[in-house]
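> Need a 3D model of the following:
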Amino acid sequence: MEIDDLTPAERRLWRAFATGAEVDFREDGEQAVRAVVLRALLLNGPEEPGEIAALKVRGARVTGVLDLRYATVGSVIHLTHCRFTDAPDLVGAHLRYLSLRDSGMPGLSVTRARIDGSLRLTRCRFGGPVRLDGAQISGALFLEGAEIAVAAPAAQPVLQLNQVTVEDDLCARGLRARGLIRLDGATVAGSLDLEDAELGNPGARVLDAEALDVGANLLARRLRAQGRIDLRGARVPGRVDLLDARLSNPGGTALRASSCVIGEFWLRRGPRVEGMLNLRRAEINQLDVEPEMLPDQVRLLDLTYTFLTPHEPAERRLPMLERDGEGFDPHAYEQLTAAYRRIGDDQAARLVQLAKQRRRRSTLPWYGKVWGHLQDAAVGYGFRPLRAAVWLLSLLAVGSLVYAGHHPPALKAGEAPRFDPVFYTLDLLLPVISFGQEGAFAPRGGYQTLSYVLVVTGWILATTVVAGVTRTVSRQ
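Just a heads-up that it's a prediction; the model follows:
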């Protein structure tokens with residue numbers, strides 16, 4: 001390209017390129033620069049000994065397509081506060097550093113590109129899809145404050161980051177996008193920052209990040225998301241921070257984090273989640289969830305966690321298990337029980353186990369339900385042993401008073417011991433211990449019926465107490 005073919009603005013840019021000087025067109029009003037000129041500079045621009053060539057432009061209107069497909073560019077590129085008439089095409093390019101900060105463009109394609117430094121798209125305004133799928137970025141990826149406004153079908157991605165590799169942080173704080181964002185299979189060595197982001201794709205997927213691999217944290221405080229967030233199979237060794245977040249997908253799944261491996265999962269201080277929360281088969285070290293944020297539908301099948309915070313009474317945690325529409329899941333109750341036992345709250349652990357037995361009872365046939373109701377009423381399935389003592393003392397008092405007023409006749413008058421109504425009643429109630437009274441006397445009529453009732457009741461109480469003690473010992 002001959003310098004005589006250039007406009008005055010392009011000549012100014014051509015001369016500045018060799019020394020890496022910045023050209024700011026904002027002072028003289030927006031100036032048009034052809035994309036083919038920028039391409040010629042980057043691929044075969046002038047050089048000066050002892051200087052580092054760089055393309056640094058502010059406030060230009062770039063006309064035409066900036067086509068760097070599969071090109072290798074050794075110069076730093078700064079095209080900030082610019083307006084592009086066409087979407088730049090950087091597919092497969094090998095770049096040193098690229099900044100398009102505060103620029104507006106119809107779209108951007110950086111598919112399978114390799115960037116040795118960072119890619120800065122801070123506060124960019126996109127009128128079409130942004131494609132970075134398969135890109136390899138050795139530095140950080142900056143999307144903070146960017147806006148993506150695309151009139152596309154709900155299933156069509158407006159921001160494609162699937163299979164992207166970022167060897168530093170992916171900062172998208174304050175990102176505003178309407179449509180699907182894809183992060184499937186992406187790898188971020190640092191943290192993924194979505195704090196204060198506003199994402200909308202009502203009734204469809206808004207963030208698809210299956211098998212996402214984050215080296216540190218997924219930060220999403222004050223996130224506003226309308227649509228389904230899918231994190232299935234993601235790995236986040238640090239924390240998934242959803243403090244003050246607003247998740248909404250009425251009638252569908254608001255957040256799916258099934259089969260994830262997460263260090264800490266924070267879901268607090270925000271409004272109630274609108275839509276289903278799916279944590280099936282996830283492995284979480286610390287689950288930090290406020291009961292008020294949980295939606296009506298929660299999926300917890302095979303969820304495992306070590307610590308559950310903040311500490312809440314069992315009565316406030318149990319509704320979380322009862323909202324699982326997949327039926328009775330004993331594993332969920334065992335996880336909650338173990339969490340309470342780790343912090344020494346045995347009373348709460350017993351309440352959870354009692355709730356587990358009651359929930360299980362609803363799945364039994366009628367005869368199992370009858371037996372379950374008897375165990376529950378008698379001793380609370382063995383988790384309320386004091387109730388058994390109250391029953392025994394009450395029956396002991398009734399039997400002692402009845403038989404004190406009417407001594408049953410002895411089977412062998414000359415060999416029977418002296419009748420004692422208290423120990424006779426104890427002999428009937430306790431199936432193992434014998435005081436020699438029951439076998440020596442034979443009540444008749446209604447008194448005999450009472451003795452049968454005492455024997456059966458004693459067996460029921462003894463069986464349920466033993467079952468409860470056995471369960472408690474086996475858990476410990």
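> Who are the contact partners of the spatially most central residue of the chain?
Against the mean C-alpha coordinate of the chain, by CA atoms, centre = their mean, the closest residue is Ala257 at 4.7 Å. Taking CB atoms under 8 Å, 6 or more residues apart in numbering, we find Ala257 in contact with Leu231, Arg232, Ala234, Val240, Phe265, Asn278, Leu279, Ala282. Every C-beta, even on glycine, is put in place using the N, C-alpha and C of the backbone.
> Nearest to Asp193 among these?
Closest approach to Asp193 among the contacts of Ala257 (CB to CB): Val240, at 12.3 Å.
> before we move on, back to that, when you filter the contacts of Ala257 down to buried only, what's left?
Neighbour-count burial within the contacts of Ala257 applies to Leu231, Arg232, Ala234, Val240, Phe265, Asn278, Leu279, Ala282; the criterion is 16 or more other CB atoms under 10 Å.
> Nearest to Leu351 among these?
Leu279 (22.1 Å).
> From Arg299, how far off is the closest one?
Leu279 is 6 Å from Arg299, where distance means CB to CB, to the nearest Å.
> Next, show the common contact partners of these two.
Ser258.
> what residue ranges in the protein score low on pLDDT?
1-4, 30, 152-154, 325-327, 371, 374-375, 377-387, 463-476 (pLDDT under 70).
> Provide the backbone phi and psi angles at the residue lying farthest from the centre of it.
Computed with CA atoms, centre = their mean, the residue of the chain farthest from its C-alpha average is Gly414, at 77.7 Å. Backbone torsions for Gly414, taken as degrees, to the nearest 10, come to phi -80, psi -20.
> can you tell me how far it sits from Ala225?
Gly414 is 89 Å from Ala225, by CB to CB.
> before we move on, what about Asp302?
26 Å.
> where do the helices sit along the stretch 301-450 of the chain?
314-322, 330-342, 346-361, 366-379, 385-405, 421-429, 446-475 (DSSP state H, counting those that start in this stretch).
> Need the winner for burial among those.
helix 421-429 (a mean of 22; mean count of other CB atoms under 10 Å).
> where's it relative to the chain centroid, distance-wise?
With CA atoms, centre = their mean, to the nearest Å as the basis, helix 421-429 stands 58 Å off its chain's centre.
> Remind me what that helix packs against, helices and strands.
helix 385-405, helix 446-475 (3 or more CB pairs under 8 Å, 6 or more residues apart in numbering; DSSP states H and E).
> Identify all contacting residues around stretch 307-322.
268, 285-291, 294, 298, 300, 329, 332-333, 336, 339-340, 342-343, 345, 347-349, 351-352, 355, 359.
> Render the CA-only coordinates of stretch 259-276 in PDB, please.
The C-alpha coordinates for stretch 259-276 follow below in PDB (Å, rounded to 0.1, in the frame of the first residue of the first chain):
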ATOM      1  CA  SER A 259     -22.300 -33.400  39.400                       C
ATOM      2  CA  CYS A 260     -20.200 -30.400  40.400                       C
ATOM      3  CA  VAL A 261     -17.100 -30.400  42.600                       C
ATOM      4  CA  ILE A 262     -17.100 -27.200  44.600                       C
ATOM      5  CA  GLY A 263     -15.100 -26.000  47.600                       C
ATOM      6  CA  GLU A 264     -17.700 -23.600  49.000                       C
ATOM      7  CA  PHE A 265     -21.200 -22.800  47.700                       C
ATOM      8  CA  TRP A 266     -22.600 -19.500  49.100                       C
ATOM      9  CA  LEU A 267     -26.300 -18.700  48.500                       C
ATOM     10  CA  ARG A 268     -27.300 -16.000  51.000                       C
ATOM     11  CA  ARG A 269     -28.700 -12.500  51.500                       C
ATOM     12  CA  GLY A 270     -30.700 -12.400  48.300                       C
ATOM     13  CA  PRO A 271     -34.300 -12.900  47.400                       C
ATOM     14  CA  ARG A 272     -35.800 -16.300  47.100                       C
ATOM     15  CA  VAL A 273     -34.700 -18.300  44.000                       C
ATOM     16  CA  GLU A 274     -37.500 -18.400  41.400                       C
ATOM     17  CA  GLY A 275     -37.400 -21.800  39.800                       C
ATOM     18  CA  MET A 276     -35.800 -25.200  40.700                       C
END
